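>>> Sequence and predicted model, in that order:
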Amino acid sequence: MEVSKQEYIVRSFAKLKHKKWELYVITRVFHLLNDLNIEFVCQQPILSGKNNQKFLVDMYFPQFKLCLEIDEKHHNSPAQQRKDKEREQKILDKRAQEIGLEGTEKLRIEHIKIGQTHDVEHTISAINSQIDSFVDKLNKEKKQKFFLRWDFENRFSPAPFIEKGYLRVEDRPWFRSQKTALKCFGFKGKDWQRAVWPRQPNKLGFQVWFVRLTKHKDWHNLLSDDGLVLTETLIKKCEVEEQKQLQNDRDVKKCVFVRKKDDLARTLYRFIGMFEKVDGPKRNADNCLQWRYKRTSSSIKLPTEL
């Protein structure tokens, strides 16, 4: 179901109804910025590590590569601060991988927990002072760099990318369907729900590949933490299927989109770059056929005649 920008904003705040301090800080930041062209994400779940440990980013500003964390009393101990530092690095590494941004800056807001002091006015005043500093920083950055406004309604449209003539990971090309993504490459069909297009790679000189990064049916695909290596594993142990896959041409360049869910649980297809096979087929420890691909470019020039 499609939602408007205003619906997205109020839903984002509704997530925080049981987190009173996060709600206070985040809504104050939003209202002080007073700019509907600044994109933000609240309570963004990020899976990191071998066990897919879940972390939540309190507030994230994609246009500025900037995170905002709201810390309460329990964050003050040295042991917890060490854990927080490790957690933050995992969050930043994972977020950089997901959206193709490196050097994501992390700004923390620490505040006094209500109940730690009876001076409520002092507590609010201290928090407001930190929020004011954060908002000033964001506004200065907006003036100092090229700022691409938050075009929510056309966020998943291929039109801006077709007009520019290229896809770049740093521009975060995300699309709602395979068909929508394929329009960037001249696809004219009604729908498409297969892993690769076109069937004949010489049509474009490469194939568009839609990848799930979760184990499903016959396949298990993994993307390295730095987003540069993609491993494809055929987990179905069937000689007929293996022979079929061995006949497929995997030496062609791949324009890769990965399937994921956004913060509103919508299925999206995200461009992660151009990949080429560097290894395989070979057998892994479980005797499954496996191929490895390495990213060769974070951008692709789109066909001029669509």
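Good, I have the coordinates. Numbers count the residues shown, from 1 in each chain.

>>> just how off-centre is stretch 153-160 within its chain?
17 Å (C-alpha atoms, centre = their mean, to the nearest Å).

>>> Quick one: name whatever helix or strand follows the worst-scoring helix or strand of the chain on mean pLDDT.
Sorting the helices and strands of the chain by mean pLDDT, DSSP states H and E puts strand 105-110 at the bottom, at a mean of 42. Counting by DSSP states H and E, the next helix or strand C-terminal to strand 105-110 is helix 120-144.

>>> quick one: the helices in the stretch 101-250 of the chain?
Secondary structure of the stretch 101-250 of the chain by DSSP state H, counting those that start in this stretch: the helices cover 120-144, 159-164, 178-182, 239-247.

>>> what's the domain layout of this protein?
Per automatic domain parsing, the domain ranges recorded for the chain read 5-144, 159-301.

>>> residue contacts, L138?
L33, I38, F61, F64, L66 (C-beta atoms under 8 Å, 6 or more residues apart in numbering). Every residue, glycine included, has its C-beta placed from N, CA and C.

>>> what about 10 Å?
Applying C-beta atoms under 10 Å, 6 or more residues apart in numbering to L138 gives the contacts V29, L32, L33, D35, I38, F61, Q63, F64, L66, L68, L107.

>>> Out of the residues you listed, flag the one nearest to Q245.
Q63 (41.3 Å; C-beta to C-beta).

>>> count of neighbours near R292?
18 (other C-beta atoms under 10 Å).

>>> Which residue, neighbours along the chain excluded, lies closest to it?
D279 (4.0 Å; C-beta to C-beta, 6 or more residues apart in numbering).

>>> sec struct for the closest residue in space to K17 that isn't next to it in sequence, please.
Distances taken as C-beta to C-beta, 6+ apart place L23 nearest to K17, at 6.8 Å, with adjacent residues excluded. Reduced to three states with DSSP: H, G, I helix; E, B strand; the rest coil, the structure at L23 is helix.

>>> Hmm, L23 is touching F13, no?
Yes. Under the criterion of C-beta atoms under 10 Å, L23 makes contact with F13 at 6.8 Å.

>>> where do the contact lists of the two overlap?
C42.

>>> quick one: which of the two has more around it?
Ranked by neighbour count (other C-beta under 10 Å), L23 and F13 place L23 first, with 17 against 14.

>>> quick one: contacts for P201?
Contact analysis of P201 by C-beta under 10 Å, 6+ apart lists Q207, V208, D249, D251, V252, K253, K254.

>>> Produce a ChimeraX select command limited to the buried residues of those.
Command for ChimeraX that selects the buried part of these, burial taken from 16 or more other C-beta atoms under 10 Å:
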select :207,208,252,253,254
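
>>> quick revisit: could you dump the domains of the chain to a markdown table with distance to D151?
Output for those, formatted as a markdown table (distance: least, C-beta to C-beta, whole Å):
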| stretch | distance to D151 |
| --- | --- |
| domain 5-144 | 8 |
| domain 159-301 | 8 |
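
>>> Fine by me, thanks again.
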